[in-house]
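Engineer: Could you look at this predicted model? Sequence included:
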Amino acid sequence: MSALPDSFPWIEKLIAEPTVSETSNKGLLKILADEFDKYGFTPHYTYSDDGERANIFVTLPAHDGSTTGGVVISGHTDVVPVEGQDWNTDPFTATVKDGKLYGRGSSDMKAYIGVAMHLLPEFAQAKLAHPVHFAFSYDEEIGCVGAPRMLEDMVQRGLTPEFCVVGEPSMMQVIAAHKGAHRGRVTLRGVAKHASLAPHGVNSVAVAGKFITFFDELAQRWIEEGPFDRGFVTPFSTGGVTVARGGVQYNIIAQDTVLEYDFRALPTIDAQAVIDEIEAYVEALGEELRARARSAEQLSGAEPGSLESQVSIKHELLARVPALGAKEGSPIITFGGEMGGIGEGAKVPYGTEGGQFQAAGVATIVCGPGDIAQAHTPNEWIELTQIEACEDFMRNILSWAQGK
């Protein structure tokens, strides 16, 4: 068996905490907070609505007490579920075999957080020329929903980090850009009737079908017209309706239909303009529902307004993950390379919290140990050599923070 990385005890401890998204991460937070407290650093928390999950943000000031500038070491504490997956080991027990560490979150992304916590004593004892900020979030896996609260608080407290490294698995490549990830839901209500009296009801599935077609045409437009960025494997924005639930039986006109969609926008596309276009179409479908209800009233002899008052449509934006787009040759790309990251700024299709940090004014890259192909899979693993490379990267950050 290969020698274990120095940070293994910390990674093992973190994997043992089953911090599945939308469940409490308090156990893990206590482990982190106790370690920060040991060195005299006070954690700052921002909470989920139910108070069961929190982000933790800790600043190690420069030796002169300054908290301005510096670097953020960013990671998420949550992991995806293991239900329905065929694991050969206990997913919440770190298991080492043939040069690999197995366990839920081993690659995505408790190894990165474990390396940071392992080196915390060295950061704490160093004479820092630049502050170092540790930012660990909740519920990243369901749409990066925790980090915005942490970043809003960071801005309100006047913290202005210069750089951020989001440690998502990238095989220690410097990732300069990724697409934005937006997720939404459209809920329609029609009027149920026996199918033999179809014109007397309002079929929500029929109207929902128009939204599905609208989104398919929107995605086709991106394929044909762009904009394009050949640095991405898929060089255009993508999207579509990915979930459709409607109706209860073949001979009942569908009353309720729920659609969910996803779109992945290039950094060069105006994601808000896409959202505005979606909302405008939803508004038009609302008018169509009402028109169908008025027609049903006339055909059935129902009291005017009685069916129209029953129909509705609602659009909810469930997740808004901005794209990341560090410019070629920018200081943050140079920083990543100097710290030991590989390459000069690759582009990836998956989303991270990097775009949220960038939107908050912090120059950001993604660079972390492990392969994204292992994320979310049964028997998730990370090569021990990747953890060791991350340890070297983090020690280089420490040297930079000391002004060396």
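Structural biologist: Perfect, I can see it now.
Engineer: Which positions in the strand or helix carrying G239 come out as buried?
Structural biologist: Using DSSP states H and E, G239 sits in strand 238-246. By 16 or more other Cβ atoms under 10 Å, the buried positions in strand 238-246 come out as T238, G239, V241, A244, G246. The C-beta positions use only the backbone N, C-alpha and C, and glycine is treated the same way.
Engineer: quick one: contacts for E152?
Structural biologist: The contact partners of E152, taken as Cβ atoms under 8 Å, 6 or more residues apart in numbering, are T46.
Engineer: how about the strand or helix carrying I73: buried residues?
Structural biologist: Following DSSP H and E, one finds I73 within strand 71-76. Neighbour counts over strand 71-76 (16+ other Cβ under 10 Å) mark V71, V72, I73, S74, G75, H76 as buried.
Engineer: For the helix or strand following that strand, the averaged confidence score.
Structural biologist: Remark: after strand 71-76, the chain's next helix or strand is strand 95-97, criterion DSSP H and E. Strand 95-97 comes out with an average pLDDT of 97.
Engineer: Ok, stretch 148-161 next?
Structural biologist: In this model, stretch 148-161 carries a mean pLDDT of 97.
Engineer: Relative to the whole chain's centre, how far out is it?
Structural biologist: 18 Å (Cα atoms, centre = their mean, to the nearest Å).
Engineer: CA-only coordinates of it in PDB, if you can.
Structural biologist: Provided in PDB are the C-alpha atoms of stretch 148-161 (Å, rounded to 0.1, in the frame of the first residue of the first chain):
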ATOM      1  CA  PRO A 148     -24.700  33.500  -1.900                       C
ATOM      2  CA  ARG A 149     -25.600  34.100   1.800                       C
ATOM      3  CA  MET A 150     -22.000  33.800   2.800                       C
ATOM      4  CA  LEU A 151     -20.800  36.100   0.000                       C
ATOM      5  CA  GLU A 152     -23.400  38.700   0.800                       C
ATOM      6  CA  ASP A 153     -22.300  38.700   4.400                       C
ATOM      7  CA  MET A 154     -18.600  38.800   3.300                       C
ATOM      8  CA  VAL A 155     -19.300  42.000   1.200                       C
ATOM      9  CA  GLN A 156     -21.300  43.600   4.000                       C
ATOM     10  CA  ARG A 157     -18.500  43.000   6.400                       C
ATOM     11  CA  GLY A 158     -16.100  44.900   4.100                       C
ATOM     12  CA  LEU A 159     -13.900  41.900   3.200                       C
ATOM     13  CA  THR A 160     -12.400  42.200  -0.200                       C
ATOM     14  CA  PRO A 161     -10.200  39.200  -1.000                       C
END
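Engineer: in it, what's buried?
Structural biologist: Neighbour-count burial for stretch 148-161 [16+ other Cβ under 10 Å]: P148, R149, M150, L151, M154, L159, P161.
Engineer: Just say helix, strand or coil for the last one.
Structural biologist: Assigned with DSSP: H, G, I helix; E, B strand; the rest coil, P161 falls in the coil class.
Engineer: Would you confirm that it contacts I73?
Structural biologist: No: at 10.1 Å, P161 does not count as touching I73 under the criterion of Cβ atoms under 8 Å.
Engineer: which residues are common contacts for the two?
Structural biologist: Joint contacts of P161 and I73 (Cβ under 8 Å, 6+ apart) are H133.
Engineer: What number of residues are in the vicinity of S312?
Structural biologist: 13 (other Cβ atoms under 10 Å).
Engineer: Quick check: chain neighbours aside, which residue is closest to it?
Structural biologist: Nearest residue to S312, sequence neighbours excluded (Cβ to Cβ, 6 or more residues apart in numbering): R189, at 4.7 Å.
Engineer: in the sheet, who's paired with the one you found?
Structural biologist: D256, S312 (DSSP bridges).
Engineer: what do you get for H182?
Structural biologist: For H182, the beta-bridge partners are F263, R320 (DSSP bridges).
Engineer: any idea how far it is from Y261?
Structural biologist: 8 Å (Cβ to Cβ, to the nearest Å).
Engineer: still on that earlier bit, the buried residues of stretch 148-161 in helices, which ones?
Structural biologist: Those of the buried residues of stretch 148-161 mapping onto helices are P148, R149, M150, L151, M154, per DSSP state H.
Engineer: what's around the closest residue in space to the first one that isn't next to it in sequence, how many residues?
Structural biologist: Same thing as P148. Counting by Cβ to Cβ, 6+ apart, Q356 is the residue found nearest to P148 once chain neighbours are left out, at 6.1 Å. Counted by other Cβ under 10 Å, the residues lying close to Q356 total 26.
Engineer: who touches Q356 in this structure?
Structural biologist: C144, A147, P148, L151, V321, P322.
Engineer: one more time with 7 Å
Structural biologist: C144, A147, P148, L151, P322 (Cβ atoms under 7 Å, 6 or more residues apart in numbering).
Engineer: From these, pick the one nearest K210.
Structural biologist: When the contacts of Q356 are compared for distance to K210 (Cβ to Cβ), P322 wins out at 28.9 Å.
Engineer: Go ahead and confirm that closest one touches T364.
Structural biologist: No: between P322 and T364 there is no contact under Cβ atoms under 7 Å: 10.5 Å.
Engineer: Quick check on the two: which one has the bigger neighbour count.
Structural biologist: Shown here are P322 and T364; by other Cβ under 10 Å, T364 has more neighbours (28 against 25).
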